[in-house]
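Fold the following and give me the result.
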Amino acid sequence: MSAQLRSRSVCSLLLLFGALVAVSRIPLAPRRLFSFDDVNLAYALDEFNPRAGHPQPPYYPLFVLQMRLLSRLIDRPETILLVLKCIASLTALLAIVWVGERMFARGAGLCAAWLLLFHHSFWYGGLTSALRTELAVISLAVAGTCYRAWSGERRWVLASAVALGVGAGVRPELGLLLLPLWTVSVLRSGAGGRRFAQAAGLLAAIVLAWLVPTILQSGGLRACVTSSWEYLRDQSVLTSGLFGADQREWWASVVRLLLWTASGAVLWPVAAGLAWRREDGFGFGWTRAAFVALWILPSFLFAALVHIADAGHALAMVPATCLAGGWLLNRAASRLEPWFGRDHALVAVLLPCLALNALIFLGRFSLPSERPATRLEALWLDIHDAMDLSSLGQIRRMAAVDDRAVDQVGRLAAERPSNVVLIWEGAQESWRKAAYYFPHLQVIAFAPKTLHNGSALVATKFVGPRPAELIEGASPLRIPLPAGARVLWMIDSRGPALSRLQRRFPLRRAGPVFYHDLPEEDGEADLGAYVLVWRSTPQKTTLIPRVNCRWPCPFSPVMVPNALFTGVVFGAPN
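Purely as a prediction, here's the structure:
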């Protein structure tokens, strides 16, 4: 750490930011697993199985390792992920102080930390995804070590290779996006060809240590690349024109990217005016500007051209914008210091920026129901939508939708514990969460085979964490069910599928879940794209073979208590 940061200062920052992270994260955290991705990561605690989607591509092997290490102390995956969110948030705040002190001047890093702490994207990510919060940690770790090498400190060349290699094991895509920064920094360090070869060899060794096992457990290199590419294409189809999104959707995603990354910049002009000096301008310098551009430009282009669907996805870039803002605010405060004193000057320049980000995160946004008539109105709607999607209200809405559904599934399943099937088709509610919290249920999910080609319908049956049956073929698909079963439906209540279902069955409703009981005698029902077929005798099905994927040491699974997957019944954990 920089010599400017003494041990007492480090302890003070650790206690201060640790308390603020705990107070601002723990009380607001969702009580269940928040997202589809979180469920996949929770399943990976028991078995790292990329072929079953545990977790999703690109598989994040070193993040799963973090979870497993914590699982030796903590049983609940919800608590494990919350602890990782808090640790990642605190680590990022300390790291940005270190990077800011080294890259700029004393005080700039601390200003940047305050900007980061209350940045709405960082706050949002710190409540919803430990995996995305670690984007900020990795970005800062690689940038900080690379800047030391960039500045000619050759002993940091190997440290930067370690940071990049380990960070890529947590977030593989970020490793590729930060590789240009690392390469240029090492070459610029003047370490020579031999040291460059050593650093490249060390980087390759670290990457291969986690990449080779991941490829093997994915079914080989071709399967790993194919599944990762298909996943990227499916995730990008709604946000990128390169993958099929229309121009309006693509533009909206770019607006979100700009707001999620640099919303605080709208208040920088006043600080920039105070920070300006005739002798050196803003004092940023072309060298720093080139470094920061090389740091964030690959991530920005990837987000703008390929994929950004969540405020947490911007966290690889947010620290850089906070550092730039911290530098300007710190220089502005030094300009005001003779009149107001250092502390009052800092409060004066920081408070408006902190208030703006807190307002975005804590505010309530109601979107107009009318279609925008002009481009200016459409732009304002996109800005409004971006703020709403990175707010506490969005977190609570998403959690409430799934919590209500999971609660009702638990109640309805408890009435018929031995013969219940849950069917999902196009609903907002997450069937993956219901399958996780009630592993005894049979869950059938209807979805397009791929989002970029939605014509082929596939039904996948899950029992617990893994797919047990895949039904794929020409429409209508025949879906076998046990006679007399209670069928729970998570279905789009505004779509035509519900009307077809109501014409065929006496549906009852329990909150967001519809349900009915099948007759005891054999029968079938044509529902358009698929036909439900119920028989009193077992149906012959083609099972997806269970693949026993186990990591070699040190990635062998930590055996989580069975209650983790089977003990959660009607009352989900609070």
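
For the rest of this, base every contact and every neighbour count on C-alpha atoms.
OK.

Spatially nearest residue to N419, not counting backbone neighbours?
Of all residues not flanking N419 in the chain, A485 sits nearest, at 5.1 Å (C-alpha to C-alpha, 6 or more residues apart in numbering).

what's near enough to touch the one you found?
N419, V420, V421, D517, L518, P519 (C-alpha atoms under 8 Å, 6 or more residues apart in numbering).

Relative to Y515, how far out is it?
10 Å (C-alpha to C-alpha, to the nearest Å).

again, but for Q408
For Q408, the distance to Y515 - C-alpha to C-alpha - is 10 Å.

try F104
61 Å.

between those two, which one's more packed in?
With neighbours defined as other C-alpha atoms under 10 Å, F104 and Y515 compare such that Y515 has more, 21 against 18.

in which helix or strand would I find that one?
strand 513-517 (DSSP states H and E).

And for K85?
With secondary structure defined by DSSP H and E, K85 is part of helix 77-103.

Please work out the average pLDDT along the next helix or strand after that helix.
Going down the chain from helix 77-103, the next helix or strand is helix 108-117, by DSSP H and E. Averaged across helix 108-117, the pLDDT comes to 95.

Can you classify the residue most central in space within the chain as helix, strand or coil?
Against the mean C-alpha coordinate of the chain, by C-alpha atoms, centre = their mean, the closest residue is R132 at 4.2 Å. R132 carries the three-state label helix when classified by DSSP: H, G, I helix; E, B strand; the rest coil.

pLDDT at it, what is it?
97.

what domains does the record give for this structure?
7-362, 416-543 (automatic domain parsing).

Let me have these in a markdown table, adding distance to D382 as columns.
Formatted as a markdown table, those follow (distance: least, C-alpha to C-alpha, whole Å):
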| stretch | distance to D382 |
| --- | --- |
| domain 7-362 | 6 |
| domain 416-543 | 21 |
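
Return the most buried member of the ones you listed.
A comparison of the domains of the chain by mean neighbour count, using mean count of other C-alpha atoms under 10 Å, puts domain 7-362 on top with a mean of 20.

chain center to it: distance?
With C-alpha atoms, centre = their mean, to the nearest Å as the basis, domain 7-362 stands 12 Å off its chain's centre.

so where's the stretch 151-300 of the chain uncertain?
Scanning the stretch 151-300 of the chain for pLDDT under 70 picks out no residues.

could you redo the last one with a cut-off of 80?
Across the stretch 151-300 of the chain, the ranges flagged by pLDDT under 80 are 264, 268, 270, 278, 280.

related to what we said a few turns ago, contacts for the next helix-or-strand element following the strand holding Y515, please.
Counting by DSSP H and E, the next helix or strand C-terminal to strand 513-517 is strand 523-526. If you take C-alpha under 8 Å, 6+ apart as the criterion, strand 523-526 is touched by R504, V531, L532, V533, W534, R535.

just checking, what packs against the helix or strand containing the third one?
Okay, so that is L532. Using DSSP H and E, L532 sits within strand 530-535. Secondary-structure packing of strand 530-535 (3 or more C-alpha pairs under 8 Å, 6 or more residues apart in numbering; DSSP states H and E): strand 477-482, strand 523-526.

can I get those strands in a markdown table with mean pLDDT and distance to A324?
A markdown table is the format used below for these (pLDDT from 0 to 100; distance: least, C-alpha to C-alpha, whole Å):
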| stretch | mean pLDDT | distance to A324 |
| --- | --- | --- |
| strand 477-482 | 90 | 56 |
| strand 523-526 | 92 | 61 |
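
For T239, find the nearest of those.
strand 477-482 (30.2 Å; C-alpha to C-alpha).

any idea of the angle the first helix or strand past the closest one going along the chain forms with strand 477-482?
Tracing the chain past strand 477-482, the next element assigned as helix or strand by DSSP H and E is strand 486-491. Angle, strand 486-491 to strand 477-482, by axes from the mean of the first three to the mean of the last three C-alpha atoms, to 10 degrees: 140 degrees.

Touching strand 486-491 from outside, list them.
So strand 486-491 is contacted by 409, 416, 419-427, 429, 431, 497-498, 512-518 (C-alpha under 8 Å, 6+ apart).

run the last query once more with 6 Å
420-427, 513-517 (C-alpha atoms under 6 Å, 6 or more residues apart in numbering).

pLDDT weak spots in the stretch 301-450 of the chain?
Using pLDDT under 80, the stretch 301-450 of the chain drops low at 365-374, 417-418, 429, 447-450.

Excluding chain neighbours, what is closest to H313?
Per C-alpha to C-alpha, 6+ apart, closest to H313 is R132, 6.4 Å.

was I right about that neighbour contacting A314?
No - at 8.7 Å, R132 and A314 do not qualify as touching, with contact defined as C-alpha atoms under 6 Å.

isn't A378 right next to P372, touching?
Yes - contact status for A378 versus P372: in contact at 5.2 Å, counting by C-alpha under 6 Å.

Got phi/psi on A468?
A468 adopts backbone torsions of phi -100, psi -20, taken as degrees, to the nearest 10.

Run the angle between the helix holding K85 and helix 108-117 for me.
Using the same axes, to 10 degrees, helix 77-103 lies at 150 degrees relative to helix 108-117.

quick one: W98 and V212, what's the gap?
33 Å.

what's the answer for L315, then?
27 Å.

Y60: what's it in contact with?
Counting by C-alpha under 6 Å, 6+ apart, Y60 has contacts V170, R171.

So which residues of this protein form strands?
420-425, 442-450, 453-463, 466-472, 477-482, 486-491, 508-510, 513-517, 523-526, 530-535 (DSSP state E).

closest to C224 out of the ones you listed?
strand 442-450 (16.9 Å).

Could you tell me the angle between the closest one and strand 466-472?
Using the same axes, to 10 degrees: strand 442-450 against strand 466-472 is 50 degrees.

and strand 442-450, C-alpha only, in CSV?
Presented in CSV, the C-alpha positions along strand 442-450 are these (Å, rounded to 0.1, in the frame of the first residue of the first chain):
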residue,chain,number,x,y,z
GLN,A,442,-41.3,-31.6,-10.7
VAL,A,443,-40.7,-28.4,-12.7
ILE,A,444,-41.4,-28.1,-16.4
ALA,A,445,-40.1,-25.0,-18.1
PHE,A,446,-41.4,-24.0,-21.6
ALA,A,447,-39.0,-21.7,-23.4
PRO,A,448,-37.6,-21.1,-26.9
LYS,A,449,-34.6,-23.3,-27.6
THR,A,450,-32.6,-20.1,-28.0
